[in-house]
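Colleague: got a sequence here, can you build the structure:
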Amino acid sequence: MAFASKTVLNAASGICRLSVRNTSSAPKVALLGASGGIGQPLGLLLKTNPKVASLALYDVANTAGVGADLSHIDTAAQVTSHTGPENLHAALEGADIVVIPAGVPRKPGMTRDDLFNVNAGIVRDLAEAAAKACPKAFVAIITNPVNSTVPIAAEVYKNNGVYDPKRIFGVTTLDVVRSQAFISELKKLDVSKTVIPVIGGHSGVTIIPLLSQVQPSAQFSDSEIEKLTARIQDAGTEVVKAKAGAGSATLSMAFAGARFVDALISGLQGKKNVQCSFVESDVVKGVDYFSTPLELGPNGVEKILGYGKLSSYEQSLVEAAVPELQKNIAKGVKFIKG
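Modeller: Now for the predicted structure:
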């Protein structure tokens, strides 16, 4: 496929570099999990995004303090704070985009799958509320394990009769951000112009960076390909270990989440752009959800662009990812269907 340029792929790649006047048509964003390790820096980035008109913060505790802090920033977005389940509907009512980083973070030795029992219930309950309060909103799910939490949200929406596969997204942007950072550093490229699609899912072997499609074109030895791929697939663990029990990837995830939300806003406002995201897809046989480049627009997913021609090594990565994705997806569906 002819992959998009950096300026298209990352329509919002510089949240701090853009100068866009806020208008009455700018959206309301509801941030669920606003007091957490990802939620606080993500809230900061969304508050400073001139495209956001209203930012509703929700969490089960400490939301008022986060809201007061953010509300002192001299940007146009109006901040409201909502604490506890009884105030969740108010946070969601009228939202155009719902962002869900709520959940527990990984700790040393934990896999994303270890998070499932706690985070699955959190996503189920938040999705249930969103399906009732703002069924047409775009839903951007950050909560891990994304390979399972996206199917959970989809099944909840189906149960409520409001499911639209074009509007529910698993945020895999961090895999793209990491890939672009690592590759540009290795090959001495301009990181602002380095583009790479990352397909598959959002954990371990399901993360598939397409090094053969890097723009601008770069040459990699077999050893470099294997080492880069392994580092990208295990980058989350790299951060967990470096923080030595103090948390997981919060700052980089907040940056990636803000970039994806900004791309959704651009799409809502008619500025179509291309991003990778984990959505319902039939691009790979036997897998109901898969991340590939997508064209985003006013309806959410306007086109699923597929992944183009793969190298033999990349094809082997897809084949290795399929059984893991099938297991992850089935676990999420079973959580709702029983």
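Colleague: please make it C-alpha for all contacts and neighbour counts, starting now.
Modeller: Will do.
Colleague: check which helix or strand the nearest residue to I168 once chain neighbours are set aside maps to.
Modeller: Nearest residue to I168 in three dimensions, chain neighbours excluded: V139, at 4.8 Å (C-alpha to C-alpha, 6 or more residues apart in numbering). In this structure, V139 sits in strand 138-141 according to DSSP states H and E.
Colleague: what packs against the next helix or strand along the chain from that strand?
Modeller: As assigned by DSSP H and E, the chain's next helix or strand after strand 138-141 is helix 146-159. With contacts defined as 3 or more C-alpha pairs under 8 Å, 6 or more residues apart in numbering; DSSP states H and E, helix 146-159 has these neighbours: helix 116-133, strand 168-170, strand 273-280, helix 312-337.
Colleague: hmm, 10 Å instead?
Modeller: Contacts defined by 3 or more C-alpha pairs under 10 Å, 6 or more residues apart in numbering; DSSP states H and E place helix 146-159 against helix 116-133, strand 138-141, strand 168-170, strand 273-280, strand 289-297, helix 312-337.
Colleague: among those, which comes closest to T194?
Modeller: The closest of the helices and strands packed on helix 146-159 to T194 is strand 273-280. By C-alpha to C-alpha, the value is 14.0 Å.
Colleague: that closest one: how far from the chain's middle?
Modeller: Remark: strand 273-280 is offset 9 Å from the chain centroid, using C-alpha atoms, centre = their mean, to the nearest Å.
Colleague: that strand to strand 289-297, inter-axis angle?
Modeller: Using axes from the mean of the first three to the mean of the last three C-alpha atoms, to 10 degrees, the direction of strand 273-280 lies 140 degrees away from that of strand 289-297.
Colleague: quick one, helices of this structure?
Modeller: Taking DSSP state H to define them, one finds helices in the chain at 6-9, 39-47, 63-71, 88-92, 116-133, 146-159, 173-187, 222-233, 235-242, 251-268, 312-337.
Colleague: deepest in the core, which of the ones you listed is it.
Modeller: Ranked by mean neighbour count, the helices of the chain are led by helix 146-159 with a mean of 26 (mean count of other C-alpha atoms under 10 Å).
Colleague: pull the CA atoms of it into PDB?
Modeller: Only the C-alpha atoms of helix 146-159 are listed here, as PDB (Å, rounded to 0.1, in the frame of the first residue of the first chain):
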ATOM      1  CA  VAL A 146      -6.200  -3.800  24.900                       C
ATOM      2  CA  ASN A 147      -6.500  -7.000  22.900                       C
ATOM      3  CA  SER A 148      -9.200  -8.100  25.400                       C
ATOM      4  CA  THR A 149     -10.700  -4.800  26.600                       C
ATOM      5  CA  VAL A 150     -11.700  -3.600  23.100                       C
ATOM      6  CA  PRO A 151     -13.800  -6.800  22.600                       C
ATOM      7  CA  ILE A 152     -15.300  -6.300  26.000                       C
ATOM      8  CA  ALA A 153     -16.400  -2.800  25.200                       C
ATOM      9  CA  ALA A 154     -17.800  -4.000  21.800                       C
ATOM     10  CA  GLU A 155     -19.800  -6.800  23.500                       C
ATOM     11  CA  VAL A 156     -21.300  -4.300  26.000                       C
ATOM     12  CA  TYR A 157     -22.300  -2.000  23.200                       C
ATOM     13  CA  LYS A 158     -23.900  -4.900  21.300                       C
ATOM     14  CA  ASN A 159     -25.900  -5.800  24.400                       C
END
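Colleague: residue most distant from the centroid, the protein?
Modeller: Going by C-alpha atoms, centre = their mean, the residue of the chain most distant from its centre is S221, 30.2 Å out.
Colleague: sorry, back to before: of all the helices and strands packed on helix 146-159, which lies closest to V66?
Modeller: Closest to V66 of the helices and strands packed on helix 146-159, according to C-alpha to C-alpha: helix 116-133, at 19.7 Å.
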